[in-house]
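**Q** Need a 3D model of the following:
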Amino acid sequence: MRPDPHSIITRLDEVELTDVSTETSEASSSVWHRRTLTADDLLQMLLDENAEPKALPLYLLEEITNYFSDDQEIGRGSIAVVYKGMLGNVTVAVKKLSGYLSERSFHQEVECLMKAKHKNIIRFLGYCSDTRGEMLSYKGKLVMADVQQRLLCFELLPRGSLSDYIIYASGGFEWRTRYKIIEGICQGLNYLHQNRILHLDLNPENILMDDNMVPKIGDFCLLTCFSQQQTHATRLAGRMGYMPPEYFNGTLTFQTDIYSLGVIIMEMLTGKKGYCDVEYILESWSNRIDMSLELEQVRVCAKIGIECTDFNPVRRPTIHHIIDRLVECDPFENEKSGELHHAAALIKDVSGIDTDGWGSRKIATALNKTWCIERAGKSCKISEDEVSRLVNDADKYEVKLDKDACLKVSRQMLQVYDFRAHVKKLLKGCVLRAKEAYEAE
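**A** Numbers count the residues shown, from 1 in each chain. You can find the predicted model right below:
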């Protein structure tokens, strides 16, 4: 029997309502999933140093910046505006990119930022890429256009930028603080270069200070990543006064950053950009420094600054060479290095492994493995998975210490006088250095 038209229409309406209900439910579920990330979640990410950067929804960044209110604006450049985001009493920086940026370029920026994880690099928290259809006026008509929103989120440090503290040698920081800041900047730049990342806009405004006056490099994503084959870039960026002569030819290399570093070092020494004679710099600091060791540090930094700002990029030192020279003048670093090599001798005696020629990084990795196995044997604070990961990290450096050897090394170490006073501090430092070494690979 054929159905009548009214019955057909009723059944079709039921099917349509069911489909619409299903689609609405799925859409609501999808929207709910996206909206589960809250300001509290972002705050927990900020507090957890091991949390990975995440895709952040636009509504969350709008919420914490009061919809990008002018009152929340803390910085403005040619390609972006930076806003303060409020997470209760804690603040983050939200950078809203302006102008056109291709999807590929944005992905490259995010990839570079996600690779940059170091104590002297500003921490990247997340990103947002959002496209919405909006009615806009075009030639007197309303048209539907896709409006892109590209945003990046970073930690916001409380002490401002280095530019707030660079003043002439007659005032400001004591020398020891300045020296540690210079070392920190060099360590951060070294990490970027190890990961094939150029900064291209290194200047005091882009070096932020934490509560302990530890410098952190960050330019809010003007980074350029190199492949293993690349040695030059043609992307122009950077601030006048900090860029080398070759900048104006449009050819930029890792030595571009070295030049910028040299200008900053000279500012740290003299309070101004430009060349200064080494003896003049020493004389300006001689009234504030009594220790010959610190005056030698001033001399070394002055020479490094002058060499870094050589107009010929070939004659500029590498970042590795700069760090080696700074470490040689740092008694604490020399003390740590001596203790590490003493530890290498213990490893050799106990395990039979030839540690001659091991660098500090490899020794630190071996001690990291030793320390973790010792701790795992005494408590449940480190899981077996964590121990396995750290052991594998050590194996990557061909540190083939087995569990028994690790326990023997750690217990002998505690019996050695040189390690009694420093063992906790030393081993914690070794763990950090080992992890940094592993991440740098």
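**Q** so Leu37 makes contact with Leu60?
**A** Yes. Counting by CB atoms under 8 Å, Leu37 touches Leu60, with 5.9 Å between them. From N, CA and C alone the C-beta is placed, and that goes for glycine too.
**Q** how far away is Asp354 from Lys348?
**A** Going from Asp354 to Lys348 by CB to CB, to the nearest Å gives 7 Å.
**Q** the more surrounded of the two?
**A** Lys348 (15 against 10; other CB atoms under 10 Å).
**Q** Relative to Ile347, how far out is the nearest residue to the more buried one once chain neighbours are set aside?
**A** Nearest non-adjacent residue to Lys348, counting by CB to CB, 6 or more residues apart in numbering: Thr355, 4.5 Å away. Taking CB to CB as the measure, Thr355 falls 5 Å from Ile347.
**Q** neighbour count winner among the two?
**A** Taking other CB under 10 Å, Thr355 and Ile347 do not tie; Ile347 has more neighbours (26 against 18).
**Q** can you give me phi and psi for that one?
**A** phi -60, psi -40 (degrees, to the nearest 10).
**Q** re the thing from before, my read: the residue nearest to Lys348 touches Asp349, true?
**A** No. In this structure Thr355 lies outside contact range of Asp349 using CB under 8 Å: 9.4 Å.
**Q** hang on, isn't Leu162 packed against Gly184?
**A** No. The pair Leu162 / Gly184 is not scored as a contact, 10.2 Å apart, by CB under 8 Å.
**Q** between these two, what contacts are shared?
**A** Pro215 (CB atoms under 8 Å, 6 or more residues apart in numbering).
**Q** so where's the stretch 201-350 of the chain shaky on pLDDT?
**A** Low-confidence segments of the stretch 201-350 of the chain (pLDDT under 70): 220-238, 290, 331-343, 350.
**Q** Which stretches in it count as helices?
**A** 254-270, 278-286, 292-308, 319-328, 331-351 (DSSP state H, counting those that start in this stretch).
**Q** most packed of these?
**A** Compared across those, helix 254-270 shows the largest average neighbour count, a mean of 24 (mean count of other CB atoms under 10 Å).
**Q** picking that back up, reduced to three states, what does the residue nearest to Lys348 come out as?
**A** coil (DSSP: H, G, I helix; E, B strand; the rest coil).
**Q** I'd like to know how far it sits from Gly160.
**A** Counting by CB to CB, the gap from Thr355 to Gly160 is 44 Å.
**Q** Equivalent analysis for Arg123, please.
**A** Counting by CB to CB, the gap from Arg123 to Gly160 is 17 Å.
**Q** More neighbours: which of Leu37 and Leu60?
**A** Neighbour count, other CB under 10 Å: between Leu37 and Leu60, Leu60 has more, with 21 against 17.
**Q** The closest residue in space to Ile217 that isn't next to it in sequence: neighbour count?
**A** Closest residue to Ile217 in three dimensions, ignoring its sequence neighbours and counting by CB to CB, 6+ apart: Gly188, at 4.3 Å. By other CB under 10 Å, 25 other residues sit near Gly188.
**Q** mind checking pLDDT for Gly188?
**A** If you check Gly188, the pLDDT there is 94.
**Q** Contacts only, for it.
**A** His118, Lys119, Asn120, Ile121, Pro215, Lys216, Ile217.
**Q** From Gly184, how far out is the residue nearest to the second one when sequence neighbours are not counted?
**A** Think Lys119. Excluding its sequence neighbours, the residue lying closest to Lys119 (CB to CB, 6+ apart) is Val214, at 6.9 Å. In this view, Val214 and Gly184 are 6 Å apart by CB to CB.
**Q** Quickly list what's touching both of the two.
**A** Lys119, Asn120.
**Q** The two - which one has more neighbours?
**A** Taking other CB under 10 Å, Val214 and Gly184 do not tie; Gly184 has more neighbours (21 against 16).
**Q** For the residue nearest to Leu97 when sequence neighbours are not counted, name its beta-bridge partners.
**A** Computed as CB to CB, 6+ apart, the closest residue to Leu97 that is not its neighbour in sequence is Arg150, at 4.2 Å. Going by DSSP bridges, Arg150 is paired in beta bridges with Leu97, Ser129.
**Q** In this structure Arg150 contacts Val110, no?
**A** No. The criterion here is CB under 8 Å, and Arg150 misses it with Val110 at 9.4 Å.
**Q** How about the contacts made by the nearest residue to Tyr259 once chain neighbours are set aside?
**A** Setting aside the residues directly before and after it, Tyr259 is nearest to Pro244 in space (CB to CB, 6+ apart), at 3.8 Å. Residues in contact with Pro244, defined by CB under 8 Å, 6+ apart, are Gln255, Thr256, Tyr259, Ser260, Thr309, Phe311, Pro313.
**Q** just Gln187 next, same as before
**A** His118, Lys119, Asn120, Ile323.
**Q** hmm, try it at 7 Å
**A** By CB atoms under 7 Å, 6 or more residues apart in numbering, the contact set of Gln187 is Asn120, Ile323.
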